[in-house]
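Trainee: What would the 3D arrangement of this be:
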Amino acid sequence: MRFLLVLIVLIALAAAAWWQFEERIPRHWHPWAPLHVDDPLTPVTKWKLHRLAEDREGCLAALATAPEGALRMTPLDDHEPVSGCPLENVVRVHGSEVEFNASFVARCPLALAWVMYERQRLQPAAEAHFDARVVRVEHFGSFACRNIYGREGGRLSEHATAEALDVAAFHLADGRRITLLDHWGDEDARGDFLRDARDGACDLFGNVLGPEYNRAHADHFHFGMRGFRLCR
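Mentor: Numbers count the residues shown, from 1 in each chain. Next up, the predicted model:
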């Protein structure tokens with residue numbers, strides 16, 4: 001009986017200590033705290049994004065923390081636009097603080113990763129190198145029901161579940177257009193900006209592939225949600 005009493009007291013003390021410790025953890029470091037768009041990025045951020053893949057309501061709540069005008073999107077019901085490629089927990093992104101050449105369907109965590117990337121990595125890089133903001137982004141799409149590299153065999157691409165976005169060019173407020181095909185590797189502000197845009201994306205997306213990965217990515221960045229740190 002005495003042992004049981006001691007055990008209960010120890011459990012109560014441990015619970016109280018954990019509660020006090022948990023209360024002091026900043027939200028952006030707390031693995032179970034809700035994710036907000038403008039939370040500072042930490043190693044925990046990417047884990048939170050992955051967890052939201054199976055949490056539709058939690059992901060939509062995180063998207064709702066974006067400031068007014070920072071994201072224009074429409075939640076979509078789960079559906080199967082092409083046989084063999086069902087889409088779950090998806091939204092249609094119409095725009096953000098940048099315009100897109102076309103709206104696109106994205107798994108909710110991909111949309112969340114994009115808006116966080118845009119606000120915390122992409123725009124700061126543009127302002128640092130050009131003293132101008134990105135106003136338009138050209139992409140090659142997000143959803144395509146296919147295997148990787150369009151092969152007949154092998155595993156399905158991230159595009160088959162709308163978990164990747166291929167970005168080809170950035171338009172600046174001053175009229176300049178920066179493309180992967182024309183400016184990757186340039187030893188000037190354009191090349192430096194593209195490298196920073198790539199490196200910054202690696203803090204949010206599970207895999208970031210570009211011209212240094214292979215010839216198939218010579219003209220675009222592939223921003224995908226699978227994995228945790230493939231940055232090429």
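Trainee: and the next element down the chain from the least confident helix or strand in the chain by mean pLDDT?
Mentor: The helix or strand of the chain with the lowest confidence, counting by mean pLDDT, DSSP states H and E, is helix 2-24 at a mean of 46. Once the chain leaves helix 2-24, the next helix or strand it forms, by DSSP states H and E, is helix 43-51.
Trainee: gap between stretch 107-116 and the chain center?
Mentor: The gap between the average C-alpha position of stretch 107-116 and the chain average comes to 4 Å, counting by CA atoms, centre = their mean, to the nearest Å.
Trainee: err, stretch 156-171, not the other one
Mentor: Its chain's C-alpha centre lies 11 Å from the corresponding centre of stretch 156-171 when counted by CA atoms, centre = their mean.
Trainee: Using CSV, list the CA coordinates for it.
Mentor: In CSV, the C-alpha atoms belonging to stretch 156-171 read as follows (Å, rounded to 0.1, in the frame of the first residue of the first chain):
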residue,chain,number,x,y,z
LEU,A,156,4.1,6.4,-58.5
SER,A,157,5.4,9.9,-58.6
GLU,A,158,4.6,12.4,-55.9
HIS,A,159,2.6,14.2,-58.6
ALA,A,160,0.2,11.2,-58.6
THR,A,161,-1.0,12.3,-55.2
ALA,A,162,-0.6,16.1,-55.7
GLU,A,163,2.3,16.2,-53.2
ALA,A,164,4.8,18.0,-55.5
LEU,A,165,4.9,21.3,-57.4
ASP,A,166,7.3,22.0,-60.3
VAL,A,167,8.4,25.6,-60.4
ALA,A,168,10.1,27.0,-63.5
ALA,A,169,10.3,30.8,-63.2
PHE,A,170,9.9,33.8,-61.0
HIS,A,171,8.7,37.3,-62.0
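Trainee: So which bits of that stretch are buried?
Mentor: Within stretch 156-171, the residues that count as buried by 16 or more other CB atoms under 10 Å are 157-167, 169-171. All C-beta atoms are positioned from the backbone trio N, CA, C, and that covers glycine.
Trainee: And stretch 181-188, by the same measure?
Mentor: Going by 16+ other CB under 10 Å, stretch 181-188 has these buried residues: 183-184.
Trainee: what does stretch 30-47 give?
Mentor: Buried residues in stretch 30-47, defined by neighbour count with 16+ other CB under 10 Å: 30, 35, 37, 39, 44-46.
Trainee: Next, give me the two most distant ones among those residues.
Mentor: For these, with distances taken as CB to CB, the pair at the greatest spread is H30 and V37 (16.1 Å).
Trainee: any chance of the buried residues of stretch 156-171 in a markdown table, with secondary structure and pLDDT too?
Mentor: Output for the buried residues of stretch 156-171, formatted as a markdown table (DSSP: H, G, I helix; E, B strand; the rest coil; pLDDT from 0 to 100):
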| residue | secondary structure | pLDDT |
| --- | --- | --- |
| S157 | coil | 90 |
| E158 | helix | 93 |
| H159 | helix | 95 |
| A160 | helix | 95 |
| T161 | helix | 96 |
| A162 | coil | 97 |
| E163 | coil | 97 |
| A164 | strand | 97 |
| L165 | strand | 98 |
| D166 | strand | 98 |
| V167 | strand | 98 |
| A169 | strand | 98 |
| F170 | strand | 98 |
| H171 | strand | 98 |
